[in-house]
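> Got a predicted model here, sequence first, then my questions.
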Amino acid sequence: MTPPLDTVQAGESPYALSHPDALESEAVHIFREVAGEFDNPVLLFSGGKDSIVMLHLALKAFTPAPVPFALLHVDTGHNFPEVLEYRDRVVAAHGLRLHVAHVQDYIDRGVLKERPDGTRNPLQTRPLTDTIQQQRFDAVFGGGRRDEEKARAKERVFSLRDEFSQWDPRRQRPELWQLYNGRHLPREHVRVFPLSNWTELDVWQYIAREHIDLPAIYFAHEREVFARNHMWLTAGAWGGPKDSERAEKRRVRYRTVGDMSCTGAVDSDADTIDKVITEIAASRLTERGATRADDKLSEAAMEDRKREGYF
Amino acid sequence: MSVLSDTAADTLRFATAGSVDDGKSTLVGRLLHDSKSVLADQLEAVAHASRNRGQAAPDLALLTDGLRAEREQGITIDVAYRYFATPRRRFILADTPGHVQYTRNMVTGASTAELTIILVDARNGVVEQTRRHTAIAALLRVPHIVLAVNKMDLVGYEEAAFAAIAEEYTAYVKELGGPEVTVIPISALAGDNVVDTSAHMDWYGGPTVLEHLETVPVDHHLAPCAARLPVQYVIRPQSPAHPDYRGYAGRIAEGTFRTGQQVRVLPSGRTTTITAIERLGRPVETARALQSVTVLLKDDLDVSRGDLIVPAADAPATTREVTATVCHVADQPLGVGHRVLLKHGTRTVKALVTDIPSRLTLEDLSPYPHPGRLLANDIGQVRLRTAEPLPLDTYAHSRRTGSFILIDPADGTTLTAGMVGESFAGPDPATDRAKDEEWDF
């Protein structure tokens, strides 16, 4: 019998930070690096939980000074009213600057065409990249997490985009230690992901710890929904239900917040943060698998959209 | 997903490495699958994609090979980060590529890892890429190495095949001055000794891969370094509520700071006292390594991004002459006479490559003297002169204040990963001079 060549014993460092403290400290470090090295950063803000946590971290990173960059929201025209109301409320409360790029403007001008499936999520890329170029943003914070999706798992914390905002996974810079390299040529920009190492559960546990306010649609409530592609979509003027689909009242909540046309609700009784955390920990479905139609389009749907400049 | 207690001691950051086709992605898939860290929709997607390809069983490598080109070629191109947990510990896994062309991505994964799993194919044993990855892991002072001898099913689960590889590899790491090694015989495809103990290898009495990952101590194995705070950003609200507030924000790289402490600001060298420390808005008495903080100083010194705050009594020397061991990670070569940018902590300065004394030959670990330049994936020793003085610790004392990157000033490419100091590996050059000189290539 060959003996093991090493013996190990459990031990722990007395200097270790708690898990949420370590994640928080790392994200704050990333925010400050960008503020220190870039001329014109912007934070993508959708009113979803990840961007809300990002804003909370940015407020803490620079306190007692204000957040030294603006917010950018790409409005698909199919947003949940509760989320828009939330967005405007936090912008006013913290004296933030907000840029809004409207997908509807592009459709009205004939630049973008409505898709046959009614999904507007892929249409966000053009208004997003146009705004980045027009406003000369050189760093764009996104709430993407590597646990969300297998193409996101390949993403660096600092991700260089060319003048067409494209992501080329083969040309990613090595990211060594905590030494982030933000050098870029004029018209290139860097996408920055402070929540890279967070999981969905980490985000919820942090929201609970910090008592962060969220839009009500994250918690179980009665809602008029209809079934499409095995998901519960919110009925509304955006395009549903069709004649073959039937609306019904159900008790649901949302795990992600995006465009109404492609973000599904899940059946749930979780009406508090603690109940949500229990529900997620027991779930056998990923956040995106449960509720995002756009990622089901093909095996590489997310990668393909990221290459084009999607966040 | 399990809900764990929230101590970071429960988190292990580890990386995988090994040559192409040694089965890294399959191992990672097996680890995730057998530890029940894969959710139903992810499994369904893998099963669906495998069926489309005409494969009989779900191909677990598809769980991690997330890029179109990776699935087309069946190889891993870039680092994928995975997050999973068992009731005993939380894991951040950097699944890194084996192909020589993408060695820089293996360096990326290893730079923050506390453990590296290196795979070999039991039929082929130790090959050049095994040596390269092992040298990089040792150089980056990854505290623990696991050699997973994979595809044991293809050598009849024979103990002799395993023992020969284990012996050769252990000798190589010892020669390298690398850390302790745990060698485990596995079959990632069949699931032997990954999560569950193999029924085919009763001659092996050690842990499975997962058991080892769950119990290995998380520590840094470096000599202790004095307190260091690289200044990231100066917070000046200039508001009616805070007309005179001037806070120096940063993440403490090493050690502990406390209010009332006498500190020195480098490179200027001026001393002052910490009047307050704030942890993201909350005043605290002391703060320690890896916490992001803001400190306020008694005197109105000129302090800006790139400066380093250290204890007045325990400051590193500042120097414009840097000697370092490096991994070259870019396609364009690094040559004597090249002008580069050097990023250390929060400071980026101009630098000139004055000498490349040696390059490491991986086969026999011998130094190749004065190669003139380093090419992609080379490991070597480099001397640099910087435009401004830098406060440097050796990498043997701090992975954070002893590391730097070189950047191409023309296009921003990250060229080289640098580790300050002459030593190659081993615990502490100061107390281990003899070994250092031996491996001073």
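On my side now, so go ahead. Numbering: from 1, shown residues only, chains lettered A, B, ... in the order given.
> CA only for contacts and neighbour counts going forward, please
Noted.
> what's near enough to touch residue 246?
With no chain named, the answer covers chain A. Going by C-alpha atoms under 8 Å, 6 or more residues apart in numbering or on different chains, residue A:246 touches A:226-227.
> Chain B, not that one
Residues in contact with residue B:246 (C-alpha under 8 Å, 6+ apart) are B:234-237, B:296.
> run the last query once more with 6 Å
Taking C-alpha atoms under 6 Å, 6 or more residues apart in numbering or on different chains, we find residue B:246 in contact with B:235-236.
> can you pull the pLDDT of it?
The confidence metric pLDDT takes the value 95 at residue B:246.
> Residue B:171: neighbouring residues, count only.
Using other C-alpha atoms under 10 Å in any protein chain shown, residue B:171 has 12 other residues around it.
> What of the one 10 residues further on?
Look at residue B:181: counted by other C-alpha under 10 Å, it has 22 neighbours.
> which non-adjacent residue is nearest it?
Nearest residue to residue B:181 in three dimensions, chain neighbours excluded: residue B:145, at 5.0 Å (C-alpha to C-alpha, 6 or more residues apart in numbering or on different chains).
> Next: residue B:184.
Per C-alpha to C-alpha, 6+ apart, closest to residue B:184 is residue B:148, 5.0 Å.
> neighbouring strands for the helix or strand where that neighbour lies, and are they parallel or not?
Element membership for residue B:148, per DSSP states H and E: strand B:144-150. Note on strand B:144-150: by DSSP bridges, its sheet partners are strand B:115-121 (parallel), strand B:181-185 (parallel).
> circling back to that earlier point, beta partners of the residue nearest to residue B:181?
residue B:116, residue B:181.
> Quickly note the distance from it to chain A.
According to C-alpha to the nearest C-alpha, to the nearest Å, residue B:145 stands 10 Å off from chain A.
> who touches that residue in this structure?
If a contact means C-alpha under 6 Å, 6+ apart, then residue B:145 has B:115-117, B:181 as its contacts.
> residues near residue 164, how many?
Picking chain A for this. Counted with other C-alpha under 10 Å, residues neighbouring residue A:164 total 15.
> Chain B, not that one
Counted with other C-alpha under 10 Å, residue B:164 comes out at 12.
> my read is residue A:47 is in a strand, agree?
No. Applying DSSP: H, G, I helix; E, B strand; the rest coil, one finds residue A:47 to be coil, outside a strand.
> Could I get the contacting residues of it?
With the criterion set at C-alpha under 6 Å, 6+ apart, residue A:47 makes contact with A:83, A:87.
> Distance of it relative to residue A:261?
Going from residue A:47 to residue A:261 by C-alpha to C-alpha, to the nearest Å gives 16 Å.
> which residue packs closest to residue B:323, ignoring adjacent ones?
Using C-alpha to C-alpha, 6+ apart, the nearest residue to residue B:323 is residue B:383, at 4.6 Å.
> I'd like to know how far that neighbour sits from residue A:267.
Taking C-alpha to C-alpha, one finds residue B:383 at 62 Å from residue A:267.
> who has more neighbours, the two?
Set residue B:383 next to residue A:267 and count neighbours by other C-alpha under 10 Å: residue B:383 wins out with 18 against 15.
> The more buried one looks like it's in a strand, true?
Yes. The assignment for residue B:383 by three-state DSSP puts it in a strand.
> which residues pair with it across the strands?
Here residue B:383 sits in beta bridges with residue B:323, residue B:355, going by DSSP bridges.
> what residues are up against it?
B:322-323, B:354-355.
> My read is that residue B:193 contacts residue B:208, right?
Yes. The pair residue B:193 and residue B:208 passes the contact test of C-alpha atoms under 6 Å, sitting 4.5 Å apart.
> Compare neighbour counts for those two and give me the winner.
Neighbour count, other C-alpha under 10 Å: between residue B:193 and residue B:208, residue B:193 has more, with 25 against 21.
> Next up, phi/psi of that one, please.
Phi and psi for residue B:193, reported as degrees, to the nearest 10, are phi 60, psi 20.
> Tell me who's in contact with residue 235.
The chain I'm using is chain A. Applying C-alpha under 6 Å, 6+ apart, the residues near residue A:235 are A:224-225, A:241.
> other chain: chain B
Contacts of residue B:235 (C-alpha under 6 Å, 6+ apart): B:246-247.
> for it, which residues make a bridge with it?
Beta-bridge partners, per DSSP bridges, of residue B:235: residue B:247.
> Repeat that for the one 4 residues further on.
Beta bridges link residue B:239 to residue B:242 when assigned by DSSP bridges.
> Tell me which helix or strand residue B:172 sits in.
Per DSSP H and E: residue B:172 is located in helix B:159-176.
> For that helix, give the mean pLDDT please.
94.
> Using CSV, list the CA coordinates for that helix.
C-alpha atoms of helix B:159-176 as CSV (Å, rounded to 0.1, in the frame of the first residue of the first chain):
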residue,chain,number,x,y,z
GLU,B,159,0.2,0.8,-8.4
ALA,B,160,3.6,0.5,-10.1
ALA,B,161,2.7,3.0,-12.8
PHE,B,162,1.5,5.5,-10.2
ALA,B,163,4.5,5.0,-7.9
ALA,B,164,7.0,5.7,-10.7
ILE,B,165,5.3,8.9,-11.6
ALA,B,166,4.9,10.0,-8.0
GLU,B,167,8.6,9.4,-7.3
GLU,B,168,9.9,11.2,-10.4
TYR,B,169,7.6,14.2,-9.8
THR,B,170,8.3,14.5,-6.0
ALA,B,171,12.1,14.5,-6.8
TYR,B,172,11.5,17.3,-9.4
VAL,B,173,9.6,19.5,-7.0
LYS,B,174,12.2,19.0,-4.3
GLU,B,175,15.0,20.0,-6.7
LEU,B,176,12.9,23.1,-7.6
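> That one and chain A in contact?
No. Using C-alpha under 6 Å from any C-alpha of the partner chain, helix B:159-176 stays clear of chain A, with a minimum separation of 7.7 Å.
> for that helix, which positions count as buried?
For helix B:159-176, burial by neighbour count (16 or more other C-alpha atoms under 10 Å in any protein chain shown) applies to B:159, B:161-162, B:165-166, B:169-170, B:172-173, B:176.
> One more: stretch A:22-30?
In stretch A:22-30, counting by 16+ other C-alpha under 10 Å, buried: A:22-30.
> Export those residues to JSON lines and append columns for distance to chain B and secondary structure.
Output for those, formatted as JSON lines (distance: C-alpha to the nearest C-alpha, whole Å; DSSP: H, G, I helix; E, B strand; the rest coil):
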{"residue": "A:22", "distance to chain B": "7", "secondary structure": "helix"}
{"residue": "A:23", "distance to chain B": "10", "secondary structure": "helix"}
{"residue": "A:24", "distance to chain B": "8", "secondary structure": "helix"}
{"residue": "A:25", "distance to chain B": "5", "secondary structure": "helix"}
{"residue": "A:26", "distance to chain B": "8", "secondary structure": "helix"}
{"residue": "A:27", "distance to chain B": "9", "secondary structure": "helix"}
{"residue": "A:28", "distance to chain B": "7", "secondary structure": "helix"}
{"residue": "A:29", "distance to chain B": "6", "secondary structure": "helix"}
{"residue": "A:30", "distance to chain B": "10", "secondary structure": "helix"}
